[in-house]
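# return a 3D structure for these sequence lines:
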Amino acid sequence: MTRDYTNARPPGGLPAQQDLLSGRAIFTDAYAVIPRGVMSDIVTSNLPGWEGTRAWILARPMTGFAETFAQYVIEVSPGGGSDDPEPDSGAEAVLFVTSGELELTLNGVSDMMGPGGYGYIPPGFRWRLRNPTNATAPACFSWIRRRYVQAEGVPLPDPFVVNEADIAPVPMPDSGGAWMTTRFVDPDDLRHDMHVNIVTFEPGGVIPFMETHVMEHGIYVIEGKAVYRLNRDWVEVEAGDFLWLRAFCPQACYAGGPGRFRYLLYKDVNRHPELRLGGC
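Below you'll find the model as predicted:
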């Protein structure tokens with residue numbers, strides 16, 4: 001299966017003065033859509049401890065909306081990166097590379113991660129991430145951060161680095177392979193309090209019902225286009241767009257083609273709901 005993340009990268013720059021200011025950006029009390037086209041240079045952040053790096057911060061905990069995670073798209077210039085990226089010792093992370101190559105060093109062990117590279121980092125682990133100095137272009141990756149929720153008697157998960165090309169997608173029941181999920185951890189492994197999967201739809205594939213559930217979602221489209229049903233609205237989305245779904249937001253999807261529609265999906269799992277206002 002050929003994979004193409006070319007259009008998942010933020011465009012940067014700034015629209016011309018002659019362009020129309022209307023677009024597809026939406027923020028409601030149930031969901032948000034941040035289209036690729038609004039990820040310009042003027043909405044980036046520099047991060048402490050990082051060199052040659054800029055970040056588009058797409059999600060952060062917000063009381064009354066999504067509360068369990070933060071999500072970024074990060075661009076790292078050749079020679080750039082960080083020797084101490086994570087400021088919160090209680091945070092776990094998933095990294096997913098969409099362009100270029102990055103060297104991830106975790107507890108003294110280094111791995112080169114190219115497009116499709118996926119790394120899980122448990123809380124309390126020191127790590128380093130660098131775009132090699134001899135690289136010819138910036139590297140781009142998604143970074144998902146969550147404060148790990150420890151469960152009594154359950155050990156921390158192990159770190160790992162893989163490439164999505166090495167994991168066979170699993171067809172969803174009764175979908176005939178039109179709807180598939182690439183799972184990087186065992187859904188029954190209670191050590192993991194979040195899943196970050198890749199969901200793939202062949203042209204014409206659908207989520208055939210309005211999913212309504214407790215899990216929050218961060219959805220970063222990495223390939224293709226589709227129409228998503230979010231609460232009461234139908235919204236067109238394409239590679240590079242980000243969707244942020246509150247718990248219990250009704251959701252469904254139709255992939256119209258002409259190619260596959262694929263996205264990186266975050267959801268919180270395997271823990272009791274927090275019984276205090278403000279969530280985890």
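# tell me the contacts of residue 248?
212, 213, 214 (Cβ atoms under 8 Å, 6 or more residues apart in numbering). Glycine gets a C-beta too; all of them are placed from N, C-alpha and C.
# save those residues as JSON lines, and put in secondary structure too.
Below are those laid out as JSON lines (DSSP: H, G, I helix; E, B strand; the rest coil):
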{"residue": "212", "secondary structure": "coil"}
{"residue": "213", "secondary structure": "coil"}
{"residue": "214", "secondary structure": "coil"}
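# straight-line length of stretch 244-262, end to end?
16 Å (Cα to Cα, to the nearest Å).
# dump the contacts of residue 248 to JSON lines, plus pLDDT and distance to residue 7.
Formatted as JSON lines, the contacts of residue 248 follow (pLDDT from 0 to 100; distance: Cβ to Cβ, whole Å):
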{"residue": "212", "pLDDT": "97", "distance to residue 7": "30"}
{"residue": "213", "pLDDT": "97", "distance to residue 7": "29"}
{"residue": "214", "pLDDT": "96", "distance to residue 7": "32"}
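# determine the longest strand present in the protein.
strand 70-82 (DSSP state E).
# buried ones in that one?
Buried residues in strand 70-82, counted by 16 or more other Cβ atoms under 10 Å: 70, 71, 72, 73, 74, 75, 76, 77, 78, 80, 81, 82.
# in the stretch 101-250 of the chain, which spans are strands?
102-106, 109-113, 117-121, 127-130, 139-147, 160-163, 170-171, 179-182, 194-201, 206-211, 217-223, 225-230, 233-238, 242-245 (DSSP state E, counting those that start in this stretch).
# what's the local residue count around the closest residue to residue 114 other than its chain neighbours?
In this structure, residue 114 finds its nearest non-sequential neighbour in residue 101, 5.0 Å apart by Cβ to Cβ, 6 or more residues apart in numbering. Neighbour count of residue 101, defined by other Cβ atoms under 10 Å: 16.
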